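K.L.:
no sequence on this one, just coordinates:
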């Protein structure tokens, strides 16, 4: 290109932005944490006119593989973005699928610690009660969690069982599409113990329908959560966090990736998004492209190791 032509090409690249509707692909049902994160991002992107319009597309199932396969099929389409949680990384690690062939990890947003809870009228008043019941009979507690078997939440339940000598194969588990579904099932006395994100569990805990048993964090959290004990405090050394990462299809041009990275950085400092962070108990821990790929590969490798120990590799 001539000097003028190269300058024009540079200007065109810098001016790129998505036109028309953008699809935000989410691998879990409406109302759960994945959905709430996507809609919090959608609100800011739309409000700040960073997109013309955006549709959140919920495609739950198979540990988010259905949704992410859909996104991977949109190679080169910069009007498609997605949200992958730790459950997706876990699901493809279980199957041995190569991570870099699936998508481009744009930005890891945060880790969300998970919690255990039960119906307010349950005889299980703490994780000590859960531990004692499991010791007597590993089949005597039904655990419910979202997304899928072999997921980080399932591994957390398995680790709770291991901590009290209850074999993984004897534990009773039920999977639902979202954390809000789990919370409702616990409130309806259909299952004994729920495990999901704090944001999905707190509305019915605050409403007096469910009771917090413990949070799977390294130490007590701050603010209104400070009154709730960790699992560690109750003699169960289990920490469980779910990570959330915005991802893009492969095959995008550098200026398209840069646009989306800049747009997400604007979301992270937006006052409305910060309010959503507080309401949902999300703590920002951003890792940005291109470093995101190395972080995600490390998480994938860790999952492979843990799943191999548990005999869950496929």
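P.N.:
Nice, thanks for sending it over. This is a predicted model, so every value here is computed, not measured.
K.L.:
how much space between residue 20 and residue 106?
P.N.:
Residue 20 sits 20 Å away from residue 106, taking C-beta to C-beta, to the nearest Å as the criterion. Yep, even glycine has a C-beta here, placed from its N, CA and C like the rest.
K.L.:
neighbour count winner among these two?
P.N.:
residue 106 (23 against 8; other C-beta atoms under 10 Å).
K.L.:
who are the neighbours in contact with that one?
P.N.:
Taking C-beta atoms under 8 Å, 6 or more residues apart in numbering, we find residue 106 in contact with 81, 245, 246, 247, 248, 257, 260, 261, 264, 288, 289, 292.
K.L.:
how about JSON lines for those, with distance to residue 228, secondary structure and neighbour count added?
P.N.:
As requested, the contacts of residue 106 are exported to JSON lines (distance: C-beta to C-beta, whole Å; DSSP: H, G, I helix; E, B strand; the rest coil; neighbours: other C-beta atoms under 10 Å):
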{"residue": "81", "distance to residue 228": "34", "secondary structure": "strand", "neighbour count": "27"}
{"residue": "245", "distance to residue 228": "27", "secondary structure": "strand", "neighbour count": "24"}
{"residue": "246", "distance to residue 228": "29", "secondary structure": "strand", "neighbour count": "24"}
{"residue": "247", "distance to residue 228": "32", "secondary structure": "strand", "neighbour count": "26"}
{"residue": "248", "distance to residue 228": "37", "secondary structure": "strand", "neighbour count": "24"}
{"residue": "257", "distance to residue 228": "40", "secondary structure": "helix", "neighbour count": "16"}
{"residue": "260", "distance to residue 228": "36", "secondary structure": "helix", "neighbour count": "24"}
{"residue": "261", "distance to residue 228": "35", "secondary structure": "helix", "neighbour count": "17"}
{"residue": "264", "distance to residue 228": "31", "secondary structure": "helix", "neighbour count": "21"}
{"residue": "288", "distance to residue 228": "32", "secondary structure": "strand", "neighbour count": "14"}
{"residue": "289", "distance to residue 228": "35", "secondary structure": "coil", "neighbour count": "19"}
{"residue": "292", "distance to residue 228": "31", "secondary structure": "helix", "neighbour count": "20"}
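K.L.:
quick check, nearest of these to residue 190?
P.N.:
Distance to residue 190, by C-beta to C-beta, is smallest for residue 245 among the contacts of residue 106, at 31.9 Å.
K.L.:
So what sits opposite that closest one in the bridge?
P.N.:
Listed by DSSP bridges, the beta-bridge partners for residue 245 are residue 84, residue 108.
K.L.:
pLDDT at it, what is it?
P.N.:
For residue 245, the model assigns a pLDDT of 97.
K.L.:
Could you report the distance from it to residue 118?
P.N.:
Residue 245 sits 31 Å away from residue 118, going by C-beta to C-beta.
K.L.:
What of residue 180?
P.N.:
16 Å.
K.L.:
again, but for residue 41
P.N.:
Between residue 41 and residue 118 the distance is 32 Å, computed by C-beta to C-beta.
K.L.:
Strands of the stretch 101-250 of the chain, start to end?
P.N.:
Remark: strands assigned in the stretch 101-250 of the chain by DSSP state E, counting those that start in this stretch are 104-119, 142-146, 172-176, 193-197, 210-215, 241-248.
K.L.:
between the fifth one and strand 104-119, how many degrees?
P.N.:
What it means is strand 210-215. 120 degrees (axes from the mean of the first three to the mean of the last three C-alpha atoms, to 10 degrees).
K.L.:
same for strand 210-215, what does it pack against?
P.N.:
strand 104-119, helix 127-136, helix 179-187, helix 198-206 (3 or more C-beta pairs under 8 Å, 6 or more residues apart in numbering; DSSP states H and E).
K.L.:
mind checking which of these is nearest residue 235?
P.N.:
Nearest to residue 235, of all those, is helix 127-136, at 6.6 Å by C-beta to C-beta.
K.L.:
Near the closest residue to residue 100 other than its chain neighbours, how many other residues are there?
P.N.:
Distance criterion C-beta to C-beta, 6 or more residues apart in numbering; nearest residue to residue 100, sequence neighbours excluded, is residue 293 at 6.9 Å. The burial count assigned to residue 293 is 16, neighbours taken as other C-beta under 10 Å.
K.L.:
Make residue 1 into 127 and carry on from there
P.N.:
All set: I'll call the first residue 127, so the last point we hit is now residue 419.
K.L.:
Thanks again, I'm all set now.
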